[in-house]
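In: The sequence isn't on hand, but the structure is:
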């Protein structure tokens, strides 16, 4: 009764500490408390041994199926987005957020209405494609309860930093963001 | 950076073996291979030590937010449903299912249309309330990849066994069920 070995890993670990592929430039608390600063961030997938870990902090998240995006939106996203790991995209951001209990008590139609019809989440993101690449990780349904609900990882070239700031400002002004009760903004530079 | 201790446990373990609160009456493969028979099923929540476990099989699932139900449907469900653990509900079923890759590649609007507008999943379930109590556990976003995507636990009184069979027949005839590629039906009687 083994689960089939997945072709693509879905569980990712973001460990802040003394080593990693990314240098942490700064950590800004946006809503609520901050995360401790460390020199580097190591991203890994698959098994993670908490016992052997000496990180300052570790966040875990899993990629999953889309929760809100509809077909027409997905087609637009797929036509315009580019993947992670582009050589010129040497800037990154890890933005962990938590949404409050009121959000999670909403039904699917209510959450969708806030997410897109009122907050235009996907539409805002589309404006910044393909410059800003993005990958969403879900934390809420992992085995252990996690401090955050979502970890979003963004990659972009240094010349698109201002565009990335605009994207964040636009999202943070939405009705959806009134349900965010913890948000931290971790900025990184690819370690050379 | 501890996650707050949850008031209500969300992670559950269904372990078939020599002990447990439920006696396994029979195990029927519905689609695909079966699960091995064992005398009892033990249900627990919170931490689970796989190393110390001598179960025949163990399935893990986590309760989560609703994925498809809309407000009007939820209100109807809440007005009519009763909880688990009713003294007269001495019969139970554990029905693990897996949905295929085609299902998971659908967008939210496509899955919702199949789930409710075409398959009337919630509407079918409503007909059997409050007799059949139900609790859904999600497996897909747990840390490790799991054999099944969902574990649904049902409880009902012996005199509602025929109604429960009707419910299953109705669900298995839906368009939604064409995306189910593994389903096992475990029937249980509360151990006295």
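Out: The structure has been received and is ready for your questions. Quick caveat, the model's predicted, so the values are computed rather than measured.
In: Might you report the residue contacts of residue A:65?
Out: B:104, B:140 (Cβ atoms under 8 Å, 6 or more residues apart in numbering or on different chains). For glycine as for every other residue, the C-beta is placed from the backbone atoms N, C-alpha and C.
In: Which pLDDT value belongs to it?
Out: For residue A:65, the model assigns a pLDDT of 95.
In: can you check residue A:51 too?
Out: On the pLDDT scale, residue A:51 gets 72.
In: and it, how many neighbours does it have?
Out: 5 (other Cβ atoms under 10 Å in any protein chain shown).
In: Would you mind measuring from it to chain B?
Out: 13 Å (Cβ to the nearest Cβ, to the nearest Å).
In: what secondary structure does that residue sit in?
Out: coil (DSSP: H, G, I helix; E, B strand; the rest coil).
In: same check, this time on the one 3 residues further on
Out: At residue A:54 the chain is in coil, as set by three-state DSSP.
In: Can you tell me the closest non-neighbouring residue to it?
Out: residue A:17 (6.4 Å; Cβ to Cβ, 6 or more residues apart in numbering or on different chains).
In: Which strand residues bridge the one you found?
Out: Beta bridges link residue A:17 to residue A:40, judged by DSSP bridges.
In: what's near enough to touch it?
Out: A:38, A:39, A:40, A:42, A:54, A:55, A:56.
In: Which residues of chain A lie near chain B?
Out: Counting by Cβ under 8 Å from any Cβ of the partner chain, chain A comes close to chain B at A:1-4, A:6, A:10-11, A:35, A:57, A:60, A:62, A:64-71, A:73-74, A:104, A:107-110, A:112, A:138, A:140-147.
In: hmm, try it at 6 Å
Out: A:1, A:3, A:6, A:11, A:57, A:62, A:64-66, A:68-71, A:74, A:104, A:107-110, A:138, A:141-143, A:145-147 (Cβ under 6 Å from any Cβ of the partner chain).
In: Sitting in helices, which of the residues you listed do you find?
Out: Counting by DSSP state H, the part of the residues of chain A next to chain B found in helices is A:71, A:74, A:104, A:108, A:109, A:110.
In: Tabulate the residues you listed (CSV), appending neighbour count and distance to residue B:174.
Out: Below are these laid out as CSV (neighbours: other Cβ atoms under 10 Å in any protein chain shown; distance: Cβ to Cβ, whole Å):
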residue, neighbour count, distance to residue B:174
A:71, 13, 21
A:74, 18, 24
A:104, 14, 28
A:108, 22, 18
A:109, 17, 21
A:110, 15, 25
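In: Make CSV from those and add distance to residue B:182 and pLDDT to it.
Out: Converted to CSV, those look like this (distance: Cβ to Cβ, whole Å; pLDDT from 0 to 100):
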residue, distance to residue B:182, pLDDT
A:71, 26, 97
A:74, 26, 96
A:104, 29, 97
A:108, 25, 96
A:109, 30, 96
A:110, 32, 97
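In: Now do the same for the spatially most central residue of chain A: its pLDDT.
Out: Closest to where the C-alpha atoms of chain A average out (Cα atoms, centre = their mean) is residue A:152, at 0.4 Å. On the pLDDT scale, residue A:152 is placed at 98.
In: Repeat that for residue A:179.
Out: For residue A:179, the predicted pLDDT is 98.
In: cool, and residue A:2?
Out: pLDDT at residue A:2 comes out at 50.
In: What of residue A:136?
Out: For residue A:136, pLDDT reads 98.
In: Mind listing what's buried along the host helix or strand of it?
Out: Secondary structure from DSSP states H and E places residue A:136 in strand A:133-138. Judged by neighbour count (16 or more other Cβ atoms under 10 Å in any protein chain shown), strand A:133-138 contains these buried residues: A:133, A:134, A:137, A:138.
In: Tell me the helix or strand right after that strand.
Out: Next along from strand A:133-138, by DSSP H and E: strand A:150-156.
In: before we move on, back to that, I figured the residue nearest to the centre of chain A hits residue A:95, correct?
Out: Yes: contact status for residue A:152 versus residue A:95: in contact at 4.9 Å, counting by Cβ atoms under 6 Å.
In: hey, what's residue A:92 bridged with?
Out: Beta-bridge partners of residue A:92, as defined by DSSP bridges: residue A:155, residue A:188.
In: count of residues packed around it?
Out: Residue A:92 has 24 nearby residues by other Cβ under 10 Å.
In: pLDDT score for it?
Out: Reading off the model, residue A:92 has pLDDT 98.
In: just checking, it touches residue A:186?
Out: No: using Cβ under 6 Å, residue A:92 is not in contact with residue A:186, being 8.6 Å away.
In: for the closest residue to residue A:31 other than its chain neighbours, what are its contacts?
Out: Distances taken as Cβ to Cβ, 6+ apart place residue A:183 nearest to residue A:31, at 4.4 Å, with adjacent residues excluded. Going by Cβ atoms under 6 Å, 6 or more residues apart in numbering or on different chains, residue A:183 touches A:30, A:31, A:97.
In: Relative to residue A:41, how far out is the residue nearest to residue A:54?
Out: Here residue A:17 is placed at a distance of 8 Å from residue A:41 (Cβ to Cβ, to the nearest Å).
In: ok, now residue A:28?
Out: Using Cβ to Cβ, residue A:28 is found at 15 Å from residue A:41.
In: Same check on residue A:167?
Out: Residue A:167 is 21 Å from residue A:41, by Cβ to Cβ.
In: Then residue A:192?
Out: Applying Cβ to Cβ to residue A:192 and residue A:41 gives a distance of 15 Å.
In: Of the two, which one has the most company?
Out: Applying other Cβ under 10 Å to residue A:192 and residue A:41 shows that residue A:41 carries more neighbours, namely 24 against 5.
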